[in-house]
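Peer 1: curious how this folds, go ahead:
(4 chains)
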Protein chains: 2
Amino acid sequence: MTQTGRPRGFDTDEALDRAMEVFWRHGYEGASLTELTGAMGINKPSLYAAFGNKEGLFRKVVARYADVEMAYARDALDQPTARDVAAALLRDNVVALTRPDRPAGCLSIQGATACGTDNAAIADFLAASRLTGESALAARFARAVEEGDLPPEVDPTALARFLSVVTEGHAVHAAAGVRRDQLHQSAEIALLAFTAAAYPAR
Amino acid sequence: MTQTGRPRGFDTDEALDRAMEVFWRHGYEGASLTELTGAMGINKPSLYAAFGNKEGLFRKVVARYADVEMAYARDALDQPTARDVAAALLRDNVVALTRPDRPAGCLSIQGATACGTDNAAIADFLAASRLTGESALAARFARAVEEGDLPPEVDPTALARFLSVVTEGHAVHAAAGVRRDQLHQSAEIALLAFTAAAYPAR
DNA sequence: ACATTTCTGTACCGCTCGGTATGGAAGGAA
DNA sequence: TTCCTTCCATACCGAGCGGTACAGAAATGT
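Peer 2: Take a look at the predicted model:
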């Protein structure tokens, strides 16, 4: 049976993209329903019918963000060597954080900032999703150890944590307005560090 | 002439310390006047008489934070060599971010998160103060180049930026609940990277 | 003792927040 | 055309926000 009744007057994914930009710029609490509905071009009842409530909307936005805006992180894992993985991750991350057609920084970090007691669940959710990415990276480096790409004495978890830390630091810096080329300098130093830590024999 | 009239019933610095903890935990917007006055043990009119308004209170809190909680960063600059500066900064920073008697993370980053349009001035203020610390670090490394401690081909600004990035990444990680020893692992890798970048000849 | 100055407590202000009730408009199915 | 389901628009809700008016309490100077 096909859909009966009046069809929805807006595209869901497009509305999510508009909402993403608002959350990205102002954080979870900083984004008001008035600003969200204004950017999405819909009214509050439509928002609540389509996405449940503000938290439901935000979670769907984050899911879409992970799908679309963080594809580079998944792609980086496909590089053949651990060093190539680190290089691709660091470089593409800097590019993603400083796209001129996007707010500076990272939704996961900008959005988590405003957390007033009750909204601690939001901050926990974002922190957990970030650590999930770190785990995937650690698993990739563990595989590199098994494959003989990395020497057996290195700690894949520590390497992944270091890269994750640098990534988050770049997000904070980017949000403060630091330019792309300046972040690339920092990423190159981090890559140097990664190489020194991952291939101590050299 | 001595102070006339009824004397203030609370200690200013002690009240600032209480307020600091609230801002540190919830950010600027996330900290409500109700929670602030409750933690400080005073009423709203007393707060406004003593500190002007919420923003004035926050700025005084940040000043005290820089004085007291970030003394380690200034002390690190006194180390004799650039590598010792980096080592002290990275290690003491991890310790400061994970003190059991303090909220996890860093006031400057936790506090800047909630920035709803009008309060963008707060976020800018915090970002600028962070970049000021980075400049001091760059100046210290420039001195190291002049002294022959660092080779002339290294870029002091890039080194300082890298350390600042790692520091901020650790703050984000610490706020997510990552343990002190795990951050120390990451700091050691960062120190390795710093050494590789700062002394390329070795 | 009195006047003066300052701080404190209560109660309140306008405003915006996230969230919702309700009536009508719009489109598909018969 | 009629019915029925779904969506859209206005207007509103209670609660909490940052900030303040005002009166009473406490301490000093004379």
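Peer 1: make it CA atoms for all contacts and neighbour counts henceforth
Peer 2: Will do.
Peer 1: in chain A, what helix or strand scores lowest on average pLDDT?
Peer 2: helix A:107-112 (a mean of 86; mean pLDDT, DSSP states H and E).
Peer 1: quick one: average confidence on stretch A:158-176?
Peer 2: Mean pLDDT, stretch A:158-176: 97.
Peer 1: who's in contact with that stretch?
Peer 2: A:86, A:90, A:93-94, A:97-98, A:104-106, A:109, A:134-135, A:137-138, A:141, A:180, A:183, A:187, A:190, A:194, A:197-198, B:124, B:127-128, B:164-170, B:172-173, B:182, B:185-187, B:189-190 (Cα atoms under 8 Å, 6 or more residues apart in numbering or on different chains).
Peer 1: export it as CSV, just CAs?
Peer 2: Extracted as CSV, the C-alpha positions of stretch A:158-176 are listed here (Å, rounded to 0.1, in the frame of the first residue of the first chain):
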residue,chain,number,x,y,z
ALA,A,158,48.6,4.1,22.2
LEU,A,159,49.3,5.0,18.6
ALA,A,160,45.6,5.3,17.8
ARG,A,161,45.1,7.4,20.9
PHE,A,162,47.9,9.8,19.9
LEU,A,163,46.5,10.3,16.5
SER,A,164,43.0,10.8,17.9
VAL,A,165,44.4,13.4,20.3
VAL,A,166,46.1,15.3,17.5
THR,A,167,42.9,15.2,15.5
GLU,A,168,40.9,16.7,18.3
GLY,A,169,43.5,19.3,19.0
HIS,A,170,43.4,20.3,15.3
ALA,A,171,39.6,20.6,15.6
VAL,A,172,39.9,23.0,18.6
HIS,A,173,42.6,25.0,16.8
ALA,A,174,40.5,25.1,13.6
ALA,A,175,37.5,26.4,15.5
ALA,A,176,39.7,29.2,16.8
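Peer 1: centre of the chain to that stretch, how far?
Peer 2: Mean C-alpha position of stretch A:158-176 versus that of the full chain (Cα atoms, centre = their mean, to the nearest Å) differs by 11 Å.
Peer 1: could you do stretch A:186-195 as well?
Peer 2: 20 Å.
Peer 1: tell me how far residue A:46 lies from DNA strand D.
Peer 2: 4 Å (Cα to the nearest atom of the strand, to the nearest Å).
Peer 1: same question, residue A:55
Peer 2: From residue A:55 over to DNA strand D (counting by Cα to the nearest atom of the strand), the distance is 16 Å.
Peer 1: does the least confident helix or strand of chain A come close to chain B?
Peer 2: Yes - using Cα under 8 Å from any Cα of the partner chain, helix A:107-112 reaches chain B at A:110, A:111, A:112.
Peer 1: tell me the contacts of the last one?
Peer 2: Taking Cα under 8 Å, 6+ apart as the definition of contact, the neighbours of residue A:112 are A:27, A:28, A:122, A:123, A:126, B:113.
Peer 1: tell me how far the longest helix anywhere in chain A lies from the chain's centre.
Peer 2: Scanning chain A for the helix with the most residues, using DSSP state H, yields helix A:120-146. The chain centre lies 11 Å from the centre of helix A:120-146; the measure is Cα atoms, centre = their mean.
Peer 1: does it reach DNA strand D?
Peer 2: No - using Cα under 7 Å from any atom of the strand, we find that helix A:120-146 stays clear of DNA strand D, coming within 14.3 Å at best.
Peer 1: show me which residues of that helix are buried.
Peer 2: Neighbour-count burial for helix A:120-146 flags A:122-124, A:126-127, A:129-131, A:134-145 (criterion: 16 or more other Cα atoms under 10 Å in any protein chain shown).
Peer 1: and it, what does it pack onto?
Peer 2: Using 3 or more Cα pairs under 8 Å, 6 or more residues apart in numbering or on different chains; DSSP states H and E as the contact test, the elements touching helix A:120-146 are helix A:82-97, helix A:107-112, helix A:156-175.
Peer 1: out of these, nearest to residue A:56?
Peer 2: helix A:107-112 (14.1 Å; Cα to Cα).
Peer 1: please save the CA atoms from the closest one in PDB.
Peer 2: The C-alpha trace of helix A:107-112 is given here as PDB (Å, rounded to 0.1, in the frame of the first residue of the first chain):
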ATOM      1  CA  LEU A 107      30.600  19.000  14.900                       C
ATOM      2  CA  SER A 108      31.400  16.300  17.500                       C
ATOM      3  CA  ILE A 109      33.600  18.800  19.500                       C
ATOM      4  CA  GLN A 110      31.700  22.000  18.900                       C
ATOM      5  CA  GLY A 111      28.400  20.300  19.700                       C
ATOM      6  CA  ALA A 112      29.500  18.700  22.900                       C
END
